[in-house]
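J.: give me a model of this one.
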Amino acid sequence: MAPSKSFGLPLAAALVLGALGSVMGHGQAQKTEPKPGQPTLTDALGDPLPAGAVLRLGSLRLNQCTPVYAIAWFGDGKRLISAGYNPVEQIRQWDAVTGNEIAQLLKQEHGIRQLVLSSDGKIAGATDFATLFFVWEPATGKVLLKVYGIFPNSSVALAADGKSFAVIKGKMGVAYVQGIGTAEPLKTFGDDAYQLDLSPDGKTLATANRQKGIHLWEVATGKLLNTLEQEGKIRCLRFAADGKGTGHC
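T.: As a prediction, this is how the structure comes out:
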């Protein structure tokens, strides 16, 4: 069996360990062109070295070059996007098979805390380290809408079809579901919410209150469907892929 190849450092560690907040970069990548007639040296994975360099420790592949705080996978499982704390860094798209960078997509002034993608990868959402949530097109970098006043450290969700999203706003922790391309929220759901998620079909919203457990809501009517009692603070909440259950931590 051929030895496996290491794609290096910050983002690879984030994928394996999930410790996104503790993953650190290892210097800004340099892509200096060699002088005319000078042979191009490569690293162990065949990637060109900067002019004057003879060795690279690690790799540029899956290397954000800054601390990585968020990743999201495309539905095909072959691509992903990543973002970090450094406000001058770009949101980057990667080939998950080779580890090569596909594109630098978008830059935000406050750094990125969370990323979400529609199932076809045509619509993405992101929250920064201030109170901004924005929706954008990965293919073009075009920002479709911005929502200010997001509750600090709360989660956001994007429907699988990319037509709606859910956020938590304000000090009271009110959950909102809004259609993309509409000016007003479609529905509001209770208060004191801290975490949330949308079912894959976008028909059910799950919200986690800081002390009151998990609530399941019907998005179309705003009706409370069920309450799951849970002691202690819920820090993450996700629907199963088939939408028939939820998981939390």
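J.: starting at the chain centroid, how far to the helix or strand hosting residue 206?
T.: Using DSSP states H and E, residue 206 sits in strand 204-209. Centroid separation for strand 204-209 versus its chain: 19 Å, with CA atoms, centre = their mean, to the nearest Å.
J.: helices or strands up against it?
T.: strand 174-179, strand 193-198, strand 213-218, strand 237-239 (3 or more CB pairs under 8 Å, 6 or more residues apart in numbering; DSSP states H and E). Every residue, glycine included, has its C-beta placed from N, CA and C.
J.: and the first one, which residues are buried?
T.: To tie it back to what came earlier, the one meant is strand 174-179. 174-178 (16 or more other CB atoms under 10 Å).
J.: related to what we said a few turns ago, list of residues touching the strand holding residue 206?
T.: 157, 166, 168, 173, 175, 177, 189-190, 192-199, 214-219, 225, 230, 234, 237, 239, 243, 246, 248 (CB atoms under 8 Å, 6 or more residues apart in numbering).
J.: residue ranges with poor pLDDT in this structure?
T.: Low-confidence segments of the chain (pLDDT under 70): 1-38, 87-88, 183-184.
J.: go again using 80 as the cut-off
T.: Low-confidence segments of the chain, defined by pLDDT under 80, span residues 1-39, 65, 86-90, 106-110, 171, 181-186, 191, 210-212, 230-233, 249.
J.: tell me who's in contact with residue 225.
T.: Contacts of residue 225 (CB under 8 Å, 6+ apart): 204, 216-218.
J.: in three-state terms, label it for me.
T.: strand (DSSP: H, G, I helix; E, B strand; the rest coil).
J.: ok, back up a step: export the buried residues of strand 174-179 to TSV and tack on distance to residue 79?
T.: Compiled in TSV, the buried residues of strand 174-179 are given as follows (distance: CB to CB, whole Å):
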residue	distance to residue 79
174	34
175	30
176	29
177	27
178	27
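J.: hang on, the earlier thing: out of the helices and strands packed on strand 204-209, which gets nearest to residue 94?
T.: strand 237-239 (22.3 Å; CB to CB).
J.: now what about the helix or strand that the closest one is followed by, what contacts it?
T.: Downstream of strand 237-239, the next assigned helix or strand under DSSP H and E is strand 246-248. For strand 246-248, contacts defined as CB under 8 Å, 6+ apart pick out 195, 197, 206, 208, 214, 216, 228, 230, 234, 236-240.
J.: let me know the closest of those residues to residue 116.
T.: Nearest to residue 116 among these: residue 197, at 9.8 Å, using CB to CB.
J.: so the closest one sits against residue 240, correct?
T.: No - with contact defined as CB atoms under 8 Å, residue 197 does not count as touching residue 240 (10.2 Å).
J.: those two: who's more crowded?
T.: Counted by other CB atoms under 10 Å, residue 197 and residue 240 do not tie: residue 197 has more neighbours, with 24 against 11.
J.: residues in contact with the more buried one?
T.: 155, 157, 166, 205-206, 237-239, 246.
J.: what's the answer for residue 114, then?
T.: Contacts of residue 114 by CB under 8 Å, 6+ apart are 69-70, 126-127, 155-156.
J.: also residue 111?
T.: Counted by CB under 8 Å, 6+ apart, residue 111 has contacts 69, 83-87, 89, 128-129.
J.: now do 10 Å
T.: Residue 111 is in contact with 66-67, 69-70, 83-89, 128-130, counting by CB atoms under 10 Å, 6 or more residues apart in numbering.
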